[in-house]
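Undergrad: Sequence plus predicted model, see below.
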Amino acid sequence: MKKLVCMMMLLAFLLAAGLAQAQTLINGAGASFPYPVYSKWAHKYHELTKVKVNYQSIGSGGGIAQIKAKTVDFGGSDDPLKAEDLKKDGLVQFPTLIGGVVTIINVPGIGSGEMVLSPEVLTDIFLGKIKNWNDAAIAKLNPNLKLPNQAITIVHRADGSGTTWIFTNYLTKVSNEWKEKVGNAKSVSWPTGVGAKGNEGVANNVKQVRGAIGYVEYAYATINKIPYTKLINKAGKVVTPNMDSFKAAAAAADWKNAPGFYMVLTDLPGDNTWPIAGATFILVQSSQLDKERAREMLKFFDWCFKHGGAMAEELHYVTMPDRVVDLIQETWSKHVQYADRTGMKQIWP
């Protein structure tokens, strides 16, 4: 009888432990830019570990707000915070991926990569100065295209967006008029156009509206089969958005000398460089209340860095090199901590 009771107690303990593991939940929210990869990573990680990572694609502005309010375990943002802002808010920031923001179009008879836009023409379109697809400035860049007499409809983000931050950062660099009239931010006062929520919303609107143009992370263009344009880069070369042109932009990043991993990758030199590239970042609290929960969160990102590369590259994102991952994990060790009776203690490794 005593043996039976012991066995039942052991079984109950094992069931409880298994249930606890199955119910482990890590919550994140923020940028829609990396959502296609984060969702794939989370799904695979749950299959392997039973740890569920729930990431809500609500925009970078929402991700920053929620991690500051401590309502999520981590926030996602494509708008990097500077070191002084991280310190002020008690946050730690690290990059996870690099991708490209591309201009997508819905122009009758024009397929992916068939249209070329220059920085000047792109800016004038989003300023509302170029209103039709058969405008002389577009025709000059595309002498072999049959451009329709079709009105242009701008589709932009309606929410606080890191993708908008990257896109407007680029426009600010290539146009003084844009810099003076509109500027660079997660949310701006657009001169013209209609707003949509998330990269998903912009992609859907452009796909449905004849004559539309918008900007999204490259994966949203490929997943939704929406035509994208080529762009003329800083070197004056016509470049196509793809892994090679994103990697060319990523190669310019000096992460070791970037305080708080602050890095901007727009309008960089190089013949093959895609001009509107950007990193996406994770934000976590530097002082954690729950040591084990924080460790589970870092274990997830550790797994992503070590085993998620192929999934990311399938969606045309550039992963962090090993030397950068080493810097990131060094940052976890030094700056992500928890408090006990004797003071602040290291969580990782």
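TA: Nice, I can see it.
Undergrad: buried stuff in stretch 39-50?
TA: Of the residues in stretch 39-50, 40-42, 45-46, 49 count as buried by neighbour count, 16 or more other CB atoms under 10 Å. Yep, even glycine has a C-beta here, placed from its N, CA and C like the rest.
Undergrad: Sorry, wrong one. I was asking about stretch 93-109.
TA: Along stretch 93-109, the positions that meet the burial threshold by neighbour count (16+ other CB under 10 Å) are 93-107.
Undergrad: Which residue ranges of the protein form helices?
TA: Ranges of helices in the chain, per DSSP state H, are 2-22, 35-49, 60-69, 83-89, 119-126, 136-141, 162-174, 176-181, 198-208, 218-223, 243-250, 291-307, 309-314, 322-335.
Undergrad: deepest of the ones you listed, which one?
TA: Ranked by mean neighbour count, the helices of the chain are led by helix 162-174 with a mean of 25 (mean count of other CB atoms under 10 Å).
Undergrad: Measure how far that one is from the centre of its chain, please.
TA: Chain-centre distance of helix 162-174: 13 Å, with CA atoms, centre = their mean, to the nearest Å.
Undergrad: Also stretch 75-94?
TA: Centroid displacement of stretch 75-94 relative to its chain, using CA atoms, centre = their mean, is 15 Å.
Undergrad: And for stretch 54-69?
TA: Using CA atoms, centre = their mean, the offset of stretch 54-69 from its chain centre is 12 Å.
Undergrad: which residues touch it?
TA: With contact meaning CB atoms under 8 Å, 6 or more residues apart in numbering, stretch 54-69 is reached by 25-33, 35, 38-39, 42, 72, 74-79, 81, 89, 91, 157, 159-163, 165, 186-187, 197-200, 283-285.
Undergrad: Show the contacting residues for residue 298.
TA: 332, 336, 347-348.
Undergrad: run the last query once more with 6 Å
TA: Listed by CB atoms under 6 Å, 6 or more residues apart in numbering, the contact partners of residue 298 are 332, 348.
Undergrad: what comes into contact with stretch 149-163?
TA: Stretch 149-163 has contacts (CB under 6 Å, 6+ apart) with 31, 33, 59-61, 77-79, 101, 131-134, 164, 186-187, 190, 192-197, 199, 202, 205-206, 209, 211-212, 214.
Undergrad: could you flag which of those residues are buried?
TA: Restricting these to buried positions leaves 31, 33, 59-61, 77-79, 101, 133, 164, 186-187, 190, 193, 196-197, 199, 202, 205-206, 211-212, 214, with burial counted as 16+ other CB under 10 Å.
Undergrad: Put together TSV for the buried residues of stretch 39-50, with distance to residue 289 and pLDDT on each row.
TA: Shown next, in TSV, are the buried residues of stretch 39-50 (distance: CB to CB, whole Å; pLDDT from 0 to 100):
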residue	distance to residue 289	pLDDT
40	29	97
41	25	98
42	23	98
45	23	97
46	24	97
49	22	96
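Undergrad: Nearest to residue 227 among the residues you listed?
TA: Checking the buried residues of stretch 39-50 against residue 227 by CB to CB gives residue 40 as the nearest, at 24.3 Å.
Undergrad: can you tell me which residues contact the closest one?
TA: Counting by CB under 6 Å, 6+ apart, residue 40 has contacts residue 311.
Undergrad: cutoff 10 Å now
TA: If you count contacts by CB atoms under 10 Å, 6 or more residues apart in numbering, residue 40 has them with 304, 308, 311-312, 314-315.
Undergrad: got the contact list for the closest residue to residue 66 other than its chain neighbours?
TA: Once flanking residues are discounted, residue 66 sits nearest to residue 72: 4.6 Å by CB to CB, 6 or more residues apart in numbering. For residue 72, the contact set (CB under 10 Å, 6+ apart) comprises 26-30, 54-56, 58, 62-63, 65-66, 283-285.
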